[in-house]
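In: Test case, fold it:
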Amino acid sequence: MMQTTPSKFWAYIAVLIGVLLMLSGIAAVIGYLGSPIFFPADDYLSDELGEIAGVFLGLFCGSLSVYHGMSSISNRKSSTLKLPAFYIFWITLGMVLGLGTLLLNTDIASEFLFPPLFVLGAALSTLAVLAWAYRKMGFPITWRQASLAFVCGSTLAILVAIILETTLPYLAYLLLEPFWYLAEGFADIAWGTPGFIERLFASPLIFVILAITAVEAPIPEEFAKALGIPMFGRARIQNERQAFAIGLASGAGFAILENMLYEGLYAYHNGWAWGGITLLRSIGSVLHPLGTGIIALGWFRMRNEGVGKLFKAYLLSVGLHTLWNGGFEPLVYLTGLDYFAGSGSSLSFYGETLSTLLVGYLVLLSLGLWWLMRKIVNGISDRVTPDLTPATVSRRLIAAWAVACAVVIIPIGTTLSPAWESIRKLLTGN
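Out: Have a look, this model is predicted:
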């Protein structure tokens, strides 16, 4: 792979941002460790989850930004990024879900022990997407390229998305509210009565709802996630594989922070639901990386095929994102309102049927997104021989794996045994 020298301007910017992030990360660590001691409360899990997200963003992303920015300034070459096989991430995620659910529902020092598992639950499946795609494409980018794209997706994209998502709803109201009344006038929806879901989907109002859904999140988020791609410059992104890989990394940085937002709500308000919503979002973890990767491909192809290629790629990403949000937002409403607002869901008369249908829809959509990414990766990797050599597993790794499995299996078995109450009293002193 040809080594190129990144722009010194962006390298200095990366170092500056990284330093600011690390300072905020240190403050988050102080809050994470000190809040339970200096500000005792009955339940401070939500504060700890927010602070551990700050630790991830500050120390992890900040360190990446400073290190690779300094390496660029000093003209040090960056090695090729090679991640472990994707199934390693998924197996580890299964263990994290089991242990995290156990901690939440037994409430043994969950404020301290659960937050690191919470971060892993938000990140592992997204990293698995990168691992699978990069291996299929022959590991096309360096650690520096992937790290800076990841940090950009976790910082710049999040900031721009928040700004746009607080302003665009007003624009959506002004532009789409007349269409809402017009569409509602053509259809007797009879909100809240049996059968209104069927009438809604058969009416023109469904298109207005999808348009509102697109304006509220997919349009600004897909724009924000792609902002970091041009910073690498056309000269340093030499082929479609590199463009797609950088887009995947940027989308992954955004996805992990968004996962923390939704999964944190469920972890705090309903412990058992954290595992379920984390698993569902893990299956759909391909959404954000794929969307930004598609836009990055459109941006790369724009140089030869015109700006229309980029515009079509952006519309495709927005469309896929809208389809996901169209199912996920109602699911959050149906499953979460009882915990978040304490008032119960207004659609409770549908029982579990509608929630099950929404979960099924999201799983099927996720499988379709995985198929699309596989199609794109295969299409741009026709002349690349993927690294399919099986890795040699050492005895030390097998031993570590056995210990990790025991860490999950033994507590679960203990919890289910009749001796659990005695063990819990011994540990907690109650």
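In: Below-threshold pLDDT in the stretch 1-150 of the chain: ranges please.
Out: Applying pLDDT under 70 to the predicted model, the residue ranges of the stretch 1-150 of the chain that meet it are 1-7, 35-46, 109.
In: Mind doing that once more with 90?
Out: Under the criterion of pLDDT under 90, the regions of the stretch 1-150 of the chain flagged as low confidence span 1-12, 14, 28-54, 68-69, 71-78, 98-116.
In: Okay, strands next: where are they in it?
Out: For the stretch 1-150 of the chain, none of the segments meets the definition of strands by DSSP state E, counting those that start in this stretch.
In: my read: residue 134 touches residue 80, true?
Out: No - here residue 134 lies out of contact with residue 80, judged by Cβ atoms under 8 Å, at a distance of 9.5 Å. Quick note: C-beta positions are derived from backbone N, CA and C, even for glycine.
In: Now do the shared contacts for those two.
Out: residue 141 (Cβ atoms under 8 Å, 6 or more residues apart in numbering).
In: And the strands in the stretch 201-350 of the chain?
Out: Taking DSSP E, counting those that start in this stretch to define them, one finds no strands in the stretch 201-350 of the chain.
In: Name the spans of it whose pLDDT lies under the cut-off.
Out: Applying pLDDT under 90 to the predicted model, the residue ranges of the stretch 201-350 of the chain that meet it are 201-220, 228-239, 261-277, 280, 303-308, 319, 322-350.
In: Which other helices and strands does the helix or strand that contains residue 359 contact?
Out: Take DSSP states H and E as the rule and residue 359 turns out to sit in helix 353-380. Contact here means 3 or more Cβ pairs under 8 Å, 6 or more residues apart in numbering; DSSP states H and E; on that basis helix 353-380 packs against helix 110-136, helix 240-269, helix 271-283, helix 287-305, helix 307-340.
In: Could you check how far residue 165 is from residue 295?
Out: Residue 165 sits at a distance of 18 Å from residue 295 (criterion: Cβ to Cβ, to the nearest Å).
In: Tabulate the helices and strands packed on helix 353-380 (JSON lines), appending distance to residue 52.
Out: Putting these into JSON lines (distance: least, Cβ to Cβ, whole Å) gives the following:
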{"stretch": "helix 110-136", "distance to residue 52": "4"}
{"stretch": "helix 240-269", "distance to residue 52": "8"}
{"stretch": "helix 271-283", "distance to residue 52": "14"}
{"stretch": "helix 287-305", "distance to residue 52": "21"}
{"stretch": "helix 307-340", "distance to residue 52": "20"}
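In: so which of the ones you listed comes closest to residue 368?
Out: When those are compared for distance to residue 368 using Cβ to Cβ, the nearest one is helix 307-340, at 8.8 Å.
In: tell me the angle of the closest one relative to helix 271-283?
Out: With axes from the mean of the first three to the mean of the last three Cα atoms, to 10 degrees defining the directions, helix 307-340 sits at 170 degrees from helix 271-283.
In: Helix 307-340 versus helix 287-305: what angle between them?
Out: Using the same axes, to 10 degrees: helix 307-340 against helix 287-305 is 170 degrees.
In: residues in contact with stretch 305-313?
Out: Applying Cβ under 8 Å, 6+ apart, the external contacts of stretch 305-313 come out as 294-295, 297-299, 301-302.
In: Give me the buried entries from those residues.
Out: Of the members of these, the ones counted as buried by neighbours, 16 or more other Cβ atoms under 10 Å, are 294-295, 297-299, 301-302.
In: Break this structure down into its domains, please.
Out: Structurally, the chain divides into domains by automatic domain parsing as follows: 82-391, 399-430.
In: any chance of the contacts of stretch 305-313 in JSON lines, plus distance to residue 255?
Out: What follows is the contacts of stretch 305-313, written out as JSON lines (distance: Cβ to Cβ, whole Å):
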{"residue": "294", "distance to residue 255": "14"}
{"residue": "295", "distance to residue 255": "14"}
{"residue": "297", "distance to residue 255": "18"}
{"residue": "298", "distance to residue 255": "19"}
{"residue": "299", "distance to residue 255": "19"}
{"residue": "301", "distance to residue 255": "24"}
{"residue": "302", "distance to residue 255": "24"}
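In: Tell me the one among the residues you listed nearest to residue 236.
Out: Out of the contacts of stretch 305-313, the one with the shortest distance to residue 236 is residue 299. That distance is 13.0 Å, counting by Cβ to Cβ.
In: I figured the closest one was touching residue 228, is that so?
Out: No - Residue 299 is not in contact with residue 228 according to Cβ under 8 Å; the separation is 11.1 Å.
In: Touching both of these two, which residues are there?
Out: Counting by Cβ under 8 Å, 6+ apart, residue 299 and residue 228 have no common neighbour.
In: what number of residues lie near the nearest residue to residue 255 once chain neighbours are set aside?
Out: Setting aside the residues directly before and after it, residue 255 is nearest to residue 288 in space (Cβ to Cβ, 6 or more residues apart in numbering), at 3.7 Å. By other Cβ atoms under 10 Å, 30 other residues sit near residue 288.
In: Next, work out how far apart residue 288 and residue 355 are.
Out: Distance from residue 288 to residue 355, counting by Cβ to Cβ: 23 Å.
In: One more: residue 283?
Out: Using Cβ to Cβ, residue 283 is found at 16 Å from residue 355.
In: Ok, residue 371 next?
Out: Distance of residue 371 to residue 355, given as Cβ to Cβ: 25 Å.
In: and those two? which has more neighbours close in?
Out: Under the criterion of other Cβ under 10 Å, the comparison of residue 371 against residue 355 puts residue 355 first, with 17 against 11.
In: The more buried one contacts residue 331, correct?
Out: Yes - because the distance of 6.3 Å satisfies Cβ under 8 Å, residue 355 is recorded as touching residue 331.
In: and the residue lying closest to residue 144 once chain neighbours are set aside, what does it touch?
Out: Excluding its sequence neighbours, the residue lying closest to residue 144 (Cβ to Cβ, 6+ apart) is residue 78, at 3.7 Å. Remark: with contacts taken as Cβ under 8 Å, 6+ apart, residue 78 is in contact with 3, 68, 71, 142-145.
In: Out of the residues you listed, which two sit at the greatest distance?
Out: When Cβ to Cβ is used, the two most widely separated members of the contacts of residue 78 are 3 and 68, lying 13.8 Å apart.
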